[in-house]
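Q: please find the sequence and the predicted model below.
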Amino acid sequence: MGFSTDAIHAGQHPDEVTGAVITPIYQTSTYAQQELGRNKGYEYGRTHNLTRQCLEANIAALEKGKYGVAFSSGLAATHALMSLVKAGDHVIVTNNVYGGTFRLFELIMKDYGLDFSWVDTTDLRNIKNAIKQNTKLVYLETPTNPMLYLTDLEGAARICRENNLISIVDNTFMSPYFQNPLSSGCDIAIHSSTKYINGHSDVIGGIIVTNNEKVHERIRYVQNAIGAVPSPFDCWLILRSTKTLAVRMERHNQNAIKFAGYLIKSGMAAKVYYPGLPDHPQHELAKKQMRGFGGMISADFEDVERAKMLLKNVRVFTLGESLGGVESLISHPASMTHASVPKEEREKMGLTDSLVRFSIGLEDIEDLIEDVHSAMK
Ligand SMILES: *Cc1c(COP(=O)(O)O)cnc(C)c1O
């Protein structure tokens, strides 16, 4: 089936009792058992919940995977993946991953005996060179936040296969609509469903998708054993949201292409970072491994005061963290999402104090452009 058909139908069936077309919210902590040792496959809410199971099957289908396992946040999903390794193991990570991923690995998991190498994965040779005897996982994020650098997924997957390493891709920025890491040969796709998958800025959630049965068994076990499960209501909200994921992503993409074009034409930004621009250094790779370029754009306004003026004067854009919702957001990575990265490190990757990040929403593009135009006047 096509993506939109799966988005609307996969994992869901009309309710057997009433015929309700929409999956009910099974808001229950426990289930009646028929007799000792006999039940309907549902024993306890943390372990089994039908709303959650429908959501997991739905997103697994969209990511072209067999198995989906949902969590109460993207970071809870990332944490669950750390149960694929143990003390003494080594993990290779894209150097400018989501800040929370960096914090989880360096400030928490390191204390449990894991060793992390932070690598510029835009060049695959750096992955190869970082492999050690005890390397077990390669954790990639592409495109990255906020500089929108890409990693070649097919190439990285090949290196991982040749070296018996599990490859993981944080696919949050592209959503399953524009990029499918499993189809590129990677083992695991992970999402913060808080962002594009839910898309309405009203849920925190995460999900892991894989075709690897052993990985799935382990993650499923950990989901129950650690217990960071999403609520039935949150699952229901995300399940409602995936039905419109295709149309939302098309509009995010169209709006972002026009918005990036405006930023360049107006000459107000010294640099515009967007994989859809022909002068993005990895534009060819973007066209090869993504079906669209997404809704995230960063632009350097050259001087901090000009950036501040923009952030202060916009009316349609909202100043805030997060991304991927229907409403457009604007943020200042240097003082918000990336404040914990030392200034020197930030500037090395182009993340200057005058860099502004846009999450382009679904408003009328004319209004978004007019908003920035008048804010800068
Ligand atoms: C937000 C985000 C996360 C973390 O997800 P939460 O749902 O906030 O826990 C991980 N990766 C990326 C790329 C994100 O944008």
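A: Happy to help now that I have it. Numbers count the residues shown, from 1 in each chain.
Q: got a list of what residue 11 touches?
A: 53, 54, 55, 56, 57, 58, 60, 61 (CB atoms under 8 Å, 6 or more residues apart in numbering). From N, CA and C alone the C-beta is placed, and that goes for glycine too.
Q: with adjacent residues omitted, what lies nearest to it?
A: Using CB to CB, 6 or more residues apart in numbering and skipping residues adjacent in sequence, the residue nearest residue 11 is residue 57, 2.9 Å away.
Q: does that neighbour touch residue 68 like I think?
A: Yes: the pair residue 57 / residue 68 is scored as a contact, 6.5 Å apart, by CB atoms under 8 Å.
Q: any idea whether residue 15 is helix, strand or coil?
A: coil (DSSP: H, G, I helix; E, B strand; the rest coil).
Q: next, the nearest residue to it once chain neighbours are set aside: secondary structure please.
A: Taking CB to CB, 6+ apart, and ignoring the residues beside it in sequence, residue 15 has residue 24 as its nearest neighbour in space, at 6.0 Å. Taken by three-state DSSP, the conformation at residue 24 corresponds to coil.
Q: tell me, how many neighbours does the residue in the stretch 251-377 of the chain that the ligand sits nearest to end up with?
A: In the stretch 251-377 of the chain, the residue that lies nearest the ligand is residue 323 (6.3 Å; CB to the nearest ligand atom). Neighbour count for residue 323, taken as other CB atoms under 10 Å: 26.
Q: that one in helix, strand or coil?
A: coil.
Q: give me the nearest residue to it, chain neighbours excluded.
A: residue 359 (3.8 Å).
Q: isn't that neighbour right up against residue 325?
A: Yes: with contacts counted by CB under 8 Å, residue 359 reaches residue 325, the gap being 7.2 Å.
Q: pLDDT at the residue of the stretch 101-250 of the chain found nearest the ligand, what is it?
A: At 3.0 Å from the ligand, residue 192 is the closest residue in the stretch 101-250 of the chain, using CB to the nearest ligand atom. The score at residue 192 is 98. That number is its pLDDT.
Q: phi and psi next, for it.
A: Backbone dihedrals for residue 192, given as degrees, to the nearest 10, come out at phi -90, psi 110.
Q: is it bridged to anything, and to what?
A: residue 206 (DSSP bridges).
Q: tell me who's in contact with it.
A: Going by CB under 8 Å, 6+ apart, residue 192 touches 73, 74, 75, 77, 98, 170, 172, 205, 206.
Q: ok, it to residue 281 distance?
A: Plainly put, residue 192 is 26 Å away from residue 281 if you go by CB to CB, to the nearest Å.
Q: quick one, domains of the chain?
A: 3-242, 245-376 (automatic domain parsing).
Q: tell me which helix or strand of this protein sits lowest on mean pLDDT?
A: helix 343-348 (a mean of 88; mean pLDDT, DSSP states H and E).
Q: can I get that helix as CSV, trimmed to CA atoms?
A: This file holds the C-alpha atoms of helix 343-348, laid out as CSV (Å, rounded to 0.1, in the frame of the first residue of the first chain):
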residue,chain,number,x,y,z
LYS,A,343,31.1,28.6,22.2
GLU,A,344,34.3,27.4,20.4
GLU,A,345,32.7,24.1,19.5
ARG,A,346,29.5,25.9,18.3
GLU,A,347,31.4,28.3,16.0
LYS,A,348,33.4,25.4,14.5
